[in-house]
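1. With the input below, show me the fold.
(one chain, ligands or ions: 1)
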Amino acid sequence: MSRKTTPAPRRPAKKSTAATRRKTRADADAGAARGPVPALAPKAIEEAFRRFHTANPTPKGELEHINAFTLLIAVVLSAQATDAGVNKATPALFKAADTPAKMARLGEERVRNLIKTIGLFRTKARNVIALSQKLIAEHGGEVPRTREALESLPGVGRKTANVVLNIAFGAPTIAVDTHVFRVGNRTGLAAGKTPLEVETRLGRVIPDRYRLHAHHWLILHGRYTCLARKPRCGRCIIADLCRWPGKTVAA
Ligand code: SF4
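-> Predicted structure coming up:
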């Protein structure tokens, strides 16, 4: 008589290494936003920006524009959309209208058609027309140079105002988008639970001489190197300075 053997109980499948690494990075990011990543020392911050400057002395934003008005429109259109997606739609839009007066004349329906490949295009088309009309009525058709006036325009928040003040008017403002928020929190450069907290801290710690280009360096670093899911720590020029526990190279 043959003996029946009881099959060994199945072990739960192990999570893949990649999944474990992703969870570790996500946990580290969540922790970073709460503040446990050690803050970078002033010398390390100076060194990080010295390297950003050496690698790319005059960084540029990636939104196509012709003048301050088209920059403002491009930034408004870029909310919850990629710069590449906005750049596909704006050449035709700016060819048809590169001033507030021309944009107001173009009208909401035609603007809507020209930007329909961009997310939230209906609301954005409404805002583009309303802000063009407000620029004509209250600012002589010019883009204002103050934060208050910019933020009073339809569809314009603090981040958009910071980008316009920086790129169009050379103000040392720091626009905190998703990339700057992540890089600030991860590296120990500027921890904060909100974009405003990160912006305020960046404003305190970045040496004055690097302030004008700081947000471009941080955006580009977040967009091309310190990616959300798979940071390229092996090719990161500040890897030895970064304090993030989830980084994939040794300090
Ligand atoms: S070492 Fe990695 S986590 Fe740190 S800044 Fe560089 S890419 Fe980002």
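2. Averaged pLDDT, stretch 156-166. What do you get?
-> The pLDDT scores in stretch 156-166 average 97.
3. nope, stretch 177-194 is what I meant
-> 96.
4. Pull out the buried positions in that stretch.
-> Neighbour-count burial for stretch 177-194 flags 177, 179-192 (criterion: 16 or more other Cβ atoms under 10 Å). Where you see a C-beta, it was placed from the backbone N, CA and C, and this is true even at glycine.
5. Equivalent analysis for stretch 215-229, please.
-> His215, His216, Trp217, Leu218, Ile219, Leu220, His221, Gly222, Arg223, Thr225, Cys226.
6. per-domain residue ranges of this structure.
-> The chain breaks down by automatic domain parsing into domains covering 37-60+173-235, 68-169.
7. Tell me which of the ones you listed sits nearest to the ligand.
-> With Cβ to the nearest ligand atom as the measure, domain 37-60+173-235 is the member of the domains of the chain nearest the ligand (3.2 Å).
8. Endpoints of the closest one, how far apart?
-> 21 Å (Cα to Cα, to the nearest Å).
9. Dihedrals phi and psi, Gln191?
-> Just to correct that, residue 191 is Ala rather than Gln. Backbone torsions for Ala191, taken as degrees, to the nearest 10, come to phi -80, psi 150.
10. residues in contact with Val143?
-> Val143 makes contact with Ala68, Phe69, Leu71, Leu72, Leu135, Leu150, Val164, Ala168, according to Cβ atoms under 8 Å, 6 or more residues apart in numbering.
11. thinking the last one is in contact with Leu71, fair?
-> Yes: under the criterion of Cβ atoms under 8 Å, Ala168 makes contact with Leu71 at 5.4 Å.
12. what sits against the residue nearest in space to the middle of the chain?
-> The centroid of the chain falls nearest to Asp177 when counting by Cα atoms, centre = their mean (3.0 Å). The neighbours of Asp177, taking Cβ under 8 Å, 6+ apart as the test, are Lys159, Pro195, Ile219.
13. Which parts of the protein are helices?
-> 17-34, 42-55, 68-77, 83-96, 100-106, 108-114, 121-139, 147-151, 158-169, 178-187, 195-205, 211-224 (DSSP state H).
14. Present those as TSV; the columns should include distance to the ligand.
-> Converted to TSV, these look like this (distance: least, Cβ to the nearest ligand atom, whole Å):
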stretch	distance to the ligand
helix 17-34	8
helix 42-55	9
helix 68-77	25
helix 83-96	20
helix 100-106	39
helix 108-114	37
helix 121-139	31
helix 147-151	29
helix 158-169	21
helix 178-187	5
helix 195-205	15
helix 211-224	7
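15. Tell me which of those sits nearest to Thr248.
-> Between Thr248 and those, the shortest gap by Cβ to Cβ is with helix 17-34, which sits at 7.6 Å.
16. pLDDT at Ala26, what is it?
-> 71.
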